[in-house]
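A.B. asks: just the structure for this:
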Amino acid sequence: SAALLAAFDRIDDRNSTGAPQVIVCDTRVGRGVPLLEQREKNHFMRTEEHEWAICREQLIAGYEEDGR
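C.D. replies: Predicted coordinates:
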């Protein structure tokens, strides 16, 4: 996203001292793939072989809906 790229640029511009910097992002695991978003404990989930095609289709459909 443009906001994230801009944040990286700002950190790079301000980091002349070499001090540690951080960007905190509010993210959602599986964003754009309902099959993965709705799973409990999705940080540690296993995805079955047949589910990869479903995930891919859901991700593509989301991008097409957004006009990307």
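A.B. asks: only C-alpha atoms from now on, for both contacts and neighbour counts.
C.D. replies: Will do.
A.B. asks: where does the prediction get shaky in the protein?
C.D. replies: 12-17, 42, 67-68 (pLDDT under 70).
A.B. asks: now do the helices in it.
C.D. replies: 2-14, 34-37, 51-65 (DSSP state H).
A.B. asks: in a markdown table: the ones you listed, plus distance to residue 22.
C.D. replies: Formatted as a markdown table, these follow (distance: least, CA to CA, whole Å):
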| stretch | distance to residue 22 |
| --- | --- |
| helix 2-14 | 8 |
| helix 34-37 | 26 |
| helix 51-65 | 29 |
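A.B. asks: can you say which of these is packed in most?
C.D. replies: helix 34-37 (a mean of 16; mean count of other CA atoms under 10 Å).
A.B. asks: show me what that one is packed against.
C.D. replies: If you count contacts as 3 or more CA pairs under 8 Å, 6 or more residues apart in numbering; DSSP states H and E, helix 34-37 packs onto helix 51-65.
A.B. asks: and the helix it packs on, what does it pack against?
C.D. replies: Packed next to helix 51-65, using 3+ CA pairs under 8 Å, 6+ apart, are helix 34-37.
A.B. asks: contact partners of the helix it packs on?
C.D. replies: 28-31, 42, 54-55, 58 (CA atoms under 8 Å, 6 or more residues apart in numbering).
A.B. asks: what's the farthest-apart pair in these?
C.D. replies: With CA to CA as the measure, no two of the contacts of helix 34-37 lie farther apart than 28 and 54, at 18.6 Å.
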